[in-house]
Structure formats: C-alpha cells, structure tokens
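Peer 1: Dropping the sequence and predicted coords here.
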Amino acid sequence: MHAENEVHFRDAAAKALLDPQLRANFRRAMDGLITKRKAQFPDPRDLQDLRDLSTAIRSRSLLCLPELLEQLEASCARNGIKVHWAETCEQANQLILGILQAKGAKTLVKGKSMVSEEMHLNAFLESKGIEALESDLGEYIIQLDGETPSHIIMPAIHKNKDQIARQFSQKIKDAKYTEDVDELTAMARKVLRQKFLDADAGLSGVNFAVAETGTLCLVENEGNGRMSTHVPPLHIAVMGLEKVVARLEDVAPLYAILTRSATGQAVSTYFNLITGPRGAGEKDGPQEVHLVILDNGRSRIYADPQLRATLRCIRCGACMNHCPVYTRVGGHAYEAIYPGPIGKILTPQMEGVGVRHDLIHGSSLCGACGEVCPVEIPIPEILVRLRREATHDDMASTVAGKATGRTATEDWAWRLWAGVTKRPALYRVATWFATRFGKALPANAPLIKNWTQSRTKPVPARRSLSERMRAEGASHE
Ligand code: SF4
C-alpha cells in the first residue's frame, strides 16, 4: 500500500512542477505572505518573546488537556452550549446529521473549518440530502470546482484572478466575465447573502475554545463566519480536541501571533467570541448552539510525549508559506487534508506512517518550517522520528502503522548489510570490490536510483579506511 501512495506524491509533485501557471501562482502568493509576515516582526527579540509565550501557553494547555476538556464541557453547558464527543470522523458526521435532522434542517451554510474537511462532511451531508454550502470566499471558489483546499488558510491560493473570472462566468447564474476583484467578490457575496438568510443551520470551526468561560473563538476576515454562526437558528461548531486553552487571557498572545504568522495582519477583520445561544431579549444569534469535539487519532498522538508537540499547532500556515517543497508543488500534490510541513507530520500520525510513507519522505529537512512555527513545533525532528517509526517495530511506540512502511527491498538490503558486516572476511572482500568497481555501478541500479533521481551518484573512495590505516602503519587496536 505504501509503495502505491509513494508513487502518488512523487507523480503529483512532478506533474505540479511542470505546470508553470501553478508555480507562478504559488510563488507570487507565498512571496507576498513571507514579506507581510516579516514586516509584522521587525524586532527578532519581540518575535521570540511572543513565540516563547505562545509555546508555553499551548504546552501548558496540552499538559492538562483531559481536565481542560472536562472544564470546557461544564462551562459550555452552563452557557447553554450542548457538547458532543466523537472518537471518529464517522461518529462526528452522524452526530451532526442527527442534530440537523432533529431540527428538520435541509440547508447548512459553513464558515471555514479544516476539521470538517477532515471529516469529508460536505459529501456526507449531500449523500443524506442536506446541502452544505461553503461561505468563506476561498472555500466557495474551490467548492464550485469540486476541489479540496490547497492551503489551510487560503484554500484557493492555487488559482489566479483570471482563472476565477472564467470559473464564475461559467458557474454562477447570470454572472458576466470580469477580472475586477471587487466585482468578483460582489458576485459571490450576492449568492451567499441569500444563502445566509435562507439556511436552516450554520457550521463553523473553532480557533480556540476557552475552558474557564466556555467561549468559542473564531478568527476570520470576511464576516462570513459571523453570518454563518449568527443568522441561522442553529449553530454547530466543530473542533479537534486539542483546541482548548485554559483562560481567556491565553487567547490574546495566541491571536496576536496567529494573524501575524498567517496573513501578516496585526489583527484580523473579525474576531468572534461565541458564548452561547441567543439570550432572552437579544435581537440576534442562534437559538441553539452545539459543539462537536473530534478525536480522530489525536489521543494517540497525545499519548507520546515527543509527538504531542504536533497538537500545539494553531493552523497559521506559516510552515507552508516557507517550505521549499510546498511553495513549488502546491497543496494538492500531498493528497491530504493538511498539506505542507504540518501535514507531513499530522497526516501520517492520523492515517498511519506506513500508509503515508510518501509524505514523511517528501521533505528536504531544511528546517525552515521549525524556524518559523510560532509555537515552535520541531517538525524536522518529528519527521525523522516518523521515518524511523515507519520501518521499526518499537514495542513501546503507539504510532499508527509503525513498521509497515518497510519495503521488501529495504528489508533485503539491511539483512545483506548485517550479514556482511558480521563476517570480517566477507566484509573485506565486499569493500575491496566496492572500492575498485563501485564507480562502474549504473546510476539507475535498483537500490540507488531513488537517490540519483535528484542527486549525483555516491562514489566509494578508492581505498577503504582499513587499507589506508594499514598502509600508514596505524594499528587497528
Ligand atoms: S505547524 Fe506551526 S507554522 Fe505550521 S500551521 Fe501549525 S502553528 Fe503554523
């Protein structure tokens, strides 16, 4: 299975590299984001102070995660928010379906939520006769084309305005062709405004959930999050169980570093604090609010002290914007919900390191992702650890799919290596042959062809170390 997937990523990446339009779209967008982020942090010491504080808050939240989740449930219940727990995506989908059916809801308008992408919620609801419409502009654009997000913050970043102009003129009723961004936005707004008014229910993600107060925080720029959560009579929020923080005061530094790292903004246009359904005498807000908390492998990740750092992620996307692989191949090449560096460590942990062997090897390990991550997730170290887990059966490890990524060729090669190195006479013969004839080995020979695809062929030295030591009179002792 892993061999099949490995070919997928390599093929998809190779195909993306041959698409000059895609590369230009990504290059332009990522360069802009890198410049804007940099401008937000003119003093490296201020940045480091904010990173230290944010890392400490996220680490502290994870340290007492079970207690905070219980506290969150109690605080939400006090506020009138109904909390539901789902171990799997299937359970979460069924829960949401149940909530919608209980209210007779047939249309759902959605704010941005990567967890709902993880659940493939739209397809699930559509199979049950419920229309789920994305209202974030980027999500709306890709939904029109039946695509998945190519970036966690900017889902349609792979498209330029000419492509969107063509798409709108073909897919939106009565839309004329225009490349004017304001006119394009107005067209989408016209469609969505009516949908907000008509929708039976709204669904959103959660950036931070505050255990102390039972507050759901939502960061956004378009106002669609507010419309999705306030206009329809029913609001359902979905979140991964790691999104909880202890106190309201924890949110301010995380918010400050999130918007700066993500889009280079000091603050986002909207910041919603949702504390429950509409109160008596209030003029707006939903009559019912539900919170669905999804596990989907997160507790297993949480159980490992090193891998737990993965759950510190605040989904800012900065690691993608700075990744030399992602910026050249784009998000779709990963064939995963979460692309780029965070996806390379999160997806294999959720789906199994053997199944997504392709992703853990799709990295140059340059370290840029770890350097920019606002909550200091050691992505390169975790990648190296997952590469080891993919091929070793460590009894103490809880990593999904451990050791299943070991191919028959690798197995054979390591057995051969062990067999030769355990027999000094055989080892001497093998090194004699390697030093004399290694150069003649073709670059596309089985075990080295993956390496030589993008690198020069390794050539053994003309004499082995033992031979040189003997020649120079050095003792083996
Ligand atoms: S891993 Fe770090 S940089 Fe990447 S999305 Fe998460 S918080 Fe942002």
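Peer 2: That came in fine, so what should we check first?

Peer 1: can you give me the strands in the stretch 201-350 of the chain?
Peer 2: 201-204, 208-210, 215-220, 234-240, 244-245, 270-274, 288-294 (DSSP state E, counting those that start in this stretch).

Peer 1: Reformat those strands as JSON lines; add mean neighbour count, distance to Ala434 and mean pLDDT.
Peer 2: No exception for glycine: its C-beta is placed from N, CA and C like everyone else's. Shown next, in JSON lines, are these (neighbours: other CB atoms under 10 Å; distance: least, CB to CB, whole Å; pLDDT from 0 to 100):
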{"stretch": "strand 201-204", "mean neighbour count": "28", "distance to Ala434": "61", "mean pLDDT": "98"}
{"stretch": "strand 208-210", "mean neighbour count": "25", "distance to Ala434": "57", "mean pLDDT": "98"}
{"stretch": "strand 215-220", "mean neighbour count": "23", "distance to Ala434": "57", "mean pLDDT": "98"}
{"stretch": "strand 234-240", "mean neighbour count": "25", "distance to Ala434": "50", "mean pLDDT": "98"}
{"stretch": "strand 244-245", "mean neighbour count": "24", "distance to Ala434": "56", "mean pLDDT": "98"}
{"stretch": "strand 270-274", "mean neighbour count": "18", "distance to Ala434": "63", "mean pLDDT": "97"}
{"stretch": "strand 288-294", "mean neighbour count": "23", "distance to Ala434": "52", "mean pLDDT": "98"}
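
Peer 1: could you dump these to a markdown table with distance to Glu147?
Peer 2: Below are the strands of the stretch 201-350 of the chain laid out as a markdown table (distance: least, CB to CB, whole Å):
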| stretch | distance to Glu147 |
| --- | --- |
| strand 201-204 | 19 |
| strand 208-210 | 28 |
| strand 215-220 | 21 |
| strand 234-240 | 21 |
| strand 244-245 | 31 |
| strand 270-274 | 25 |
| strand 288-294 | 23 |
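
Peer 1: Nearest the geometric middle of this structure, what residue?
Peer 2: Tyr338 (2.8 Å; CA atoms, centre = their mean).

Peer 1: Hmm, it is touching Met114, no?
Peer 2: Yes - checked against CB atoms under 8 Å, the pair Tyr338 and Met114 is within contact range at 7.0 Å.

Peer 1: Pull up the overlap in contacts between the two.
Peer 2: Common contacts of Tyr338 and Met114 (CB atoms under 8 Å, 6 or more residues apart in numbering): Ile152.

Peer 1: Would you map the helices across the stretch 151-300 of the chain?
Peer 2: Taking DSSP state H, counting those that start in this stretch as the criterion, the stretch 151-300 of the chain contains helices spanning 161-171, 181-198, 224-230, 251-263, 298-302.

Peer 1: Just the mean pLDDT for the first one, thanks.
Peer 2: For helix 161-171, mean pLDDT rounds to 93.

Peer 1: So which elements touch that helix?
Peer 2: For helix 161-171, the elements it packs on are helix 137-144, helix 181-198, judged by 3 or more CB pairs under 8 Å, 6 or more residues apart in numbering; DSSP states H and E.

Peer 1: how far away is the residue nearest to the centre of the chain from Cys323?
Peer 2: 13 Å (CB to CB, to the nearest Å).

Peer 1: One more: Glu118?
Peer 2: 21 Å.

Peer 1: who has more neighbours, those two?
Peer 2: The residue with more neighbours, out of Glu118 and Cys323, is Cys323; 24 against 21, by other CB atoms under 10 Å.

Peer 1: pretty sure the more buried one is touching Pro341, no?
Peer 2: Yes - between Cys323 and Pro341 there is a contact at 5.2 Å, judged by CB under 8 Å.

Peer 1: what touches both of those two?
Peer 2: Taking CB under 8 Å, 6+ apart as the criterion, Cys323 and Pro341 both touch Cys369.

Peer 1: What residues does the protein have near the ligand?
Peer 2: Within the chain, the positions lying close to the ligand (CB under 6 Å from any ligand atom) are 313-319, 342, 372-375, 377.

Peer 1: make it 5 Å
Peer 2: For the chain, the residues in contact with the ligand (CB under 5 Å from any ligand atom) are Cys313, Ile314, Cys316, Ala318, Cys319, Ile342, Cys373, Ile377.

Peer 1: Which of the helices and strands in this protein ranks last by mean pLDDT?
Peer 2: Sorting the helices and strands of the chain by mean pLDDT, DSSP states H and E puts helix 2-17 at the bottom, at a mean of 73.

Peer 1: After that one, which helix or strand is next?
Peer 2: helix 20-40 (DSSP states H and E).

Peer 1: what's the neighbour count on whichever residue of the stretch 151-300 of the chain sits closest to the ligand?
Peer 2: Residue nearest to the ligand within the stretch 151-300 of the chain (CB to the nearest ligand atom): Ser261, separated by 6.1 Å. Applying other CB under 10 Å, we find 28 residues neighbouring Ser261.

Peer 1: Can you check the pLDDT for it?
Peer 2: Confidence score, pLDDT, at Ser261: 98.

Peer 1: so it touches Arg37, yeah?
Peer 2: Yes - using CB under 8 Å, Ser261 is in contact with Arg37, at 6.1 Å.

Peer 1: Mutual contacts of the two, please.
Peer 2: Contact criterion CB under 8 Å, 6+ apart; residues bridging Ser261 and Arg37 by contacting each: Ala318, Val372.

Peer 1: I figured Leu218 hits Gly225, correct?
Peer 2: Yes - Leu218 is within contact range of Gly225, at 4.9 Å (criterion: CB under 8 Å).

Peer 1: contacting residues for Ala77?
Peer 2: Counting by CB under 8 Å, 6+ apart, Ala77 touches Val83, Gly214.

Peer 1: Please report how far it lies from the ligand.
Peer 2: Distance check for Ala77 against the ligand: by CB to the nearest ligand atom, to the nearest Å, it reads 30 Å.

Peer 1: Give me the distance between that residue and His290.
Peer 2: 12 Å.

Peer 1: Now for those two: what residues contact both?
Peer 2: By CB under 8 Å, 6+ apart, the residues touching both Ala77 and His290 are Val83.
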